[in-house]
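Trainee: could you look at this predicted model? Sequence included:
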Amino acid sequence: IKCELGLSEKEQSLITTLNFAGMIFGSYAWGTLSDLAGRKFAFFGVCLVGVLSSLLAACMPELTLLTTFLTGLGFTAFSNILGETFLVEYLPGNHRGLWCVAVNIFWGIGILLTAVCAWTVMPWKGWRFFLAFINIPYLIILLLWPLIPESAHFLVVMGEPAKARKALSWVAWMNGAEMPSGRLLVPPQHHNKSNKYNVLLKMKEMLQEDERWGIS
(Lines give C-alpha, C1' and ligand atoms only; values in the text may rest on other atoms or scores of the structure.)
Protein backbone atom coordinates (compact mmCIF):
# COMPACT_ATOMS: atom_id res chain seq x y z
CA ILE A 1 0.00 0.00 0.00
CA LYS A 2 2.81 2.38 0.93
CA CYS A 3 4.65 1.82 -2.34
CA GLU A 4 1.60 1.88 -4.62
CA LEU A 5 -0.02 4.98 -3.13
CA GLY A 6 3.21 6.71 -2.06
CA LEU A 7 2.13 7.10 1.56
CA SER A 8 4.06 9.10 4.11
CA GLU A 9 4.72 7.76 7.61
CA LYS A 10 1.95 10.00 8.95
CA GLU A 11 -0.54 8.58 6.46
CA GLN A 12 0.48 5.01 7.32
CA SER A 13 -0.06 5.78 10.99
CA LEU A 14 -3.48 7.26 10.21
CA ILE A 15 -4.63 4.03 8.54
CA THR A 16 -3.54 1.97 11.54
CA THR A 17 -5.06 4.40 14.06
CA LEU A 18 -8.45 4.51 12.36
CA ASN A 19 -8.46 0.74 11.94
CA PHE A 20 -8.00 0.32 15.69
CA ALA A 21 -10.63 3.00 16.33
CA GLY A 22 -13.01 0.88 14.27
CA MET A 23 -12.20 -2.08 16.52
CA ILE A 24 -13.01 -0.09 19.65
CA PHE A 25 -16.38 1.15 18.45
CA GLY A 26 -17.22 -2.08 16.63
CA SER A 27 -16.79 -4.27 19.70
CA TYR A 28 -19.34 -2.14 21.58
CA ALA A 29 -21.74 -1.73 18.66
CA TRP A 30 -21.90 -5.39 17.63
CA GLY A 31 -22.23 -6.56 21.22
CA THR A 32 -25.12 -4.15 21.76
CA LEU A 33 -26.78 -5.19 18.51
CA SER A 34 -26.51 -8.87 19.42
CA ASP A 35 -28.32 -8.18 22.70
CA LEU A 36 -31.06 -6.22 20.97
CA ALA A 37 -31.62 -8.01 17.67
CA GLY A 38 -30.14 -11.45 18.29
CA ARG A 39 -26.82 -13.28 18.02
CA LYS A 40 -27.57 -14.64 14.57
CA PHE A 41 -28.52 -11.26 13.09
CA ALA A 42 -25.45 -9.53 14.54
CA PHE A 43 -23.11 -12.31 13.40
CA PHE A 44 -24.53 -12.10 9.88
CA GLY A 45 -24.07 -8.32 9.95
CA VAL A 46 -20.44 -8.65 11.02
CA CYS A 47 -19.68 -11.06 8.19
CA LEU A 48 -21.50 -8.97 5.59
CA VAL A 49 -19.85 -5.69 6.63
CA GLY A 50 -16.46 -7.43 6.75
CA VAL A 51 -16.81 -8.79 3.22
CA LEU A 52 -18.07 -5.50 1.76
CA SER A 53 -15.43 -3.40 3.55
CA SER A 54 -12.49 -5.52 2.44
CA LEU A 55 -13.72 -5.87 -1.15
CA LEU A 56 -14.37 -2.14 -1.46
CA ALA A 57 -11.01 -1.33 0.16
CA ALA A 58 -9.31 -3.56 -2.40
CA CYS A 59 -10.83 -1.46 -5.21
CA MET A 60 -10.03 1.99 -3.84
CA PRO A 61 -7.56 4.07 -5.86
CA GLU A 62 -6.81 6.75 -3.24
CA LEU A 63 -6.09 7.14 0.45
CA THR A 64 -9.31 8.68 1.81
CA LEU A 65 -11.66 5.98 0.53
CA LEU A 66 -9.15 3.24 1.31
CA THR A 67 -8.86 4.44 4.92
CA THR A 68 -12.64 4.65 5.22
CA PHE A 69 -13.20 1.04 4.21
CA LEU A 70 -10.23 -0.26 6.21
CA THR A 71 -11.81 1.44 9.22
CA GLY A 72 -15.00 -0.44 8.37
CA LEU A 73 -12.98 -3.64 8.26
CA GLY A 74 -11.59 -2.84 11.71
CA PHE A 75 -15.19 -2.30 12.85
CA THR A 76 -15.70 -6.07 12.37
CA ALA A 77 -12.35 -7.22 13.79
CA PHE A 78 -13.69 -8.60 17.07
CA SER A 79 -16.41 -10.69 15.44
CA ASN A 80 -14.83 -13.76 17.03
CA ILE A 81 -16.34 -12.63 20.35
CA LEU A 82 -19.83 -12.87 18.82
CA GLY A 83 -19.09 -16.35 17.54
CA GLU A 84 -17.74 -17.37 20.93
CA THR A 85 -20.87 -16.08 22.67
CA PHE A 86 -23.03 -17.87 20.12
CA LEU A 87 -21.22 -21.14 20.87
CA VAL A 88 -21.08 -21.05 24.66
CA GLU A 89 -24.78 -20.24 24.99
CA TYR A 90 -25.44 -23.70 23.60
CA LEU A 91 -23.02 -25.43 25.97
CA PRO A 92 -23.52 -26.62 29.56
CA GLY A 93 -21.75 -24.48 32.13
CA ASN A 94 -19.08 -27.07 32.95
CA HIS A 95 -17.90 -27.19 29.31
CA ARG A 96 -17.82 -23.48 28.51
CA GLY A 97 -14.33 -22.74 29.81
CA LEU A 98 -12.79 -25.54 27.78
CA TRP A 99 -14.48 -24.51 24.54
CA CYS A 100 -13.70 -20.82 25.05
CA VAL A 101 -10.03 -21.78 25.20
CA ALA A 102 -10.44 -23.97 22.11
CA VAL A 103 -12.11 -21.16 20.16
CA ASN A 104 -9.32 -18.75 21.02
CA ILE A 105 -6.71 -21.31 19.99
CA PHE A 106 -8.32 -21.46 16.56
CA TRP A 107 -8.46 -17.65 16.51
CA GLY A 108 -4.68 -17.63 17.05
CA ILE A 109 -4.25 -20.22 14.29
CA GLY A 110 -6.34 -18.01 12.02
CA ILE A 111 -4.08 -15.02 12.71
CA LEU A 112 -1.05 -17.17 11.91
CA LEU A 113 -2.61 -18.44 8.66
CA THR A 114 -3.49 -14.87 7.67
CA ALA A 115 0.16 -13.89 8.09
CA VAL A 116 1.24 -16.91 6.02
CA CYS A 117 -1.28 -15.96 3.31
CA ALA A 118 0.03 -12.40 3.28
CA TRP A 119 3.59 -13.67 3.00
CA THR A 120 2.75 -15.95 0.06
CA VAL A 121 -0.08 -14.16 -1.76
CA MET A 122 1.00 -10.50 -1.67
CA PRO A 123 4.33 -10.94 -3.52
CA TRP A 124 2.43 -12.94 -6.15
CA LYS A 125 -0.83 -11.00 -6.58
CA GLY A 126 -0.48 -7.86 -4.48
CA TRP A 127 -2.32 -6.43 -1.49
CA ARG A 128 -5.61 -5.89 -3.32
CA PHE A 129 -5.97 -9.57 -4.18
CA PHE A 130 -4.99 -10.45 -0.60
CA LEU A 131 -7.79 -8.28 0.83
CA ALA A 132 -10.28 -10.12 -1.36
CA PHE A 133 -8.74 -13.55 -0.69
CA ILE A 134 -9.10 -13.37 3.10
CA ASN A 135 -12.89 -13.11 2.71
CA ILE A 136 -13.15 -16.86 2.16
CA PRO A 137 -14.01 -17.69 5.84
CA TYR A 138 -16.62 -14.90 5.90
CA LEU A 139 -18.16 -16.20 2.66
CA ILE A 140 -18.37 -19.74 4.05
CA ILE A 141 -20.23 -18.45 7.11
CA LEU A 142 -22.62 -16.44 4.93
CA LEU A 143 -23.36 -19.54 2.82
CA LEU A 144 -24.05 -21.61 5.95
CA TRP A 145 -25.98 -18.83 7.69
CA PRO A 146 -29.48 -20.21 6.83
CA LEU A 147 -28.53 -23.44 8.65
CA ILE A 148 -27.48 -21.67 11.85
CA PRO A 149 -30.23 -21.38 14.50
CA GLU A 150 -30.64 -18.36 16.74
CA SER A 151 -29.21 -18.67 20.24
CA ALA A 152 -31.73 -20.54 22.38
CA HIS A 153 -30.58 -18.56 25.41
CA PHE A 154 -31.35 -15.28 23.64
CA LEU A 155 -34.78 -16.54 22.57
CA VAL A 156 -35.66 -17.58 26.12
CA VAL A 157 -34.53 -14.22 27.49
CA MET A 158 -36.70 -12.48 24.89
CA GLY A 159 -39.73 -14.50 25.98
CA GLU A 160 -39.87 -16.92 23.03
CA PRO A 161 -39.46 -20.39 24.58
CA ALA A 162 -41.22 -22.13 21.66
CA LYS A 163 -38.65 -20.77 19.19
CA ALA A 164 -35.87 -21.62 21.64
CA ARG A 165 -37.04 -25.23 21.85
CA LYS A 166 -37.21 -25.40 18.06
CA ALA A 167 -33.62 -24.15 17.85
CA LEU A 168 -32.49 -26.72 20.43
CA SER A 169 -34.29 -29.47 18.52
CA TRP A 170 -32.44 -28.47 15.35
CA VAL A 171 -29.08 -28.54 17.14
CA ALA A 172 -29.89 -31.93 18.67
CA TRP A 173 -30.85 -33.30 15.25
CA MET A 174 -27.65 -31.96 13.66
CA ASN A 175 -25.63 -33.74 16.36
CA GLY A 176 -27.55 -37.01 16.11
CA ALA A 177 -29.04 -36.64 19.59
CA GLU A 178 -32.58 -36.64 20.95
CA MET A 179 -34.15 -33.56 22.43
CA PRO A 180 -35.03 -34.16 26.12
CA SER A 181 -38.68 -33.86 27.08
CA GLY A 182 -39.96 -30.92 29.11
CA ARG A 183 -40.53 -27.24 28.56
CA LEU A 184 -38.42 -24.12 28.81
CA LEU A 185 -39.27 -21.58 31.49
CA VAL A 186 -38.83 -17.84 31.03
CA PRO A 187 -37.56 -16.04 34.17
CA PRO A 188 -40.03 -13.22 34.97
CA GLN A 189 -37.29 -10.58 35.33
CA HIS A 190 -36.15 -11.02 31.74
CA HIS A 191 -37.35 -9.02 28.77
CA ASN A 192 -40.66 -9.97 27.27
CA LYS A 193 -41.29 -10.55 23.58
CA SER A 194 -42.40 -6.99 22.84
CA ASN A 195 -39.05 -5.59 24.01
CA LYS A 196 -37.22 -7.40 21.22
CA TYR A 197 -38.12 -4.82 18.61
CA ASN A 198 -37.85 -1.73 20.78
CA VAL A 199 -34.25 -1.09 19.77
CA LEU A 200 -34.39 2.71 19.89
CA LEU A 201 -35.74 2.70 23.44
CA LYS A 202 -33.01 0.33 24.59
CA MET A 203 -30.32 2.48 22.97
CA LYS A 204 -31.78 5.58 24.62
CA GLU A 205 -31.69 3.87 28.02
CA MET A 206 -28.06 2.86 27.48
CA LEU A 207 -27.05 6.39 26.47
CA GLN A 208 -28.80 7.82 29.53
CA GLU A 209 -26.90 5.35 31.69
CA ASP A 210 -23.63 6.50 30.11
CA GLU A 211 -24.52 10.13 30.84
CA ARG A 212 -25.15 9.32 34.51
CA TRP A 213 -21.66 7.88 34.72
CA GLY A 214 -20.12 10.82 32.86
CA ILE A 215 -19.13 8.77 29.82
CA SER A 216 -20.81 10.93 27.18
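Mentor: Perfect, thanks for sending it. None of these values were measured; they are calculated from a predicted model. Numbers count the residues shown, from 1 in each chain.
Trainee: got the contact list for Ala21?
Mentor: Counting by Cβ atoms under 8 Å, 6 or more residues apart in numbering, Ala21 touches Thr71, Gly74. Bear in mind the C-beta positions are built from the backbone N, C-alpha and C, glycine included.
Trainee: which residues touch the residue most central in space within the chain?
Mentor: Closest residue to the average C-alpha location of the chain: Ser79 at 2.8 Å, with Cα atoms, centre = their mean. Contact analysis of Ser79 by Cβ under 8 Å, 6+ apart lists Trp30, Phe43, Val46, Cys47, Gly50.
Trainee: same deal with Ser53?
Mentor: Neighbour list for Ser53: Phe69, Leu70, Gly72, Leu73, Phe75, Thr76 [criterion: Cβ under 8 Å, 6+ apart].
Trainee: on contacts alone, who are the packing partners of the strand or helix carrying the second one?
Mentor: Counting by DSSP states H and E, the element that carries Leu70 is helix 63-74. Contacts defined by 3 or more Cβ pairs under 8 Å, 6 or more residues apart in numbering; DSSP states H and E place helix 63-74 against helix 9-37, helix 39-59.
Trainee: mind doing that once more with 10 Å?
Mentor: Helices and strands touching helix 63-74, by 3 or more Cβ pairs under 10 Å, 6 or more residues apart in numbering; DSSP states H and E, are helix 9-37, helix 39-59, helix 127-133.
Trainee: in that helix, what counts as buried?
Mentor: Buried positions in helix 63-74, judged by neighbour count with 16 or more other Cβ atoms under 10 Å: Leu63, Leu66, Thr67, Phe69, Leu70, Thr71, Gly72, Leu73, Gly74.
Trainee: not counting sequence-adjacent ones, nearest residue to the second one?
Mentor: The shortest distance from Leu66 to any residue other than its chain neighbours is 4.1 Å, reached at Met60 (Cβ to Cβ, 6 or more residues apart in numbering).
Trainee: the last one now?
Mentor: Closest residue in space to Gly74, ignoring its immediate chain neighbours: Gly22 at 3.0 Å, by Cβ to Cβ, 6+ apart.
Trainee: confidence score at that neighbour?
Mentor: Note for Gly22: predicted pLDDT of 89.
Trainee: that'll do, ta.
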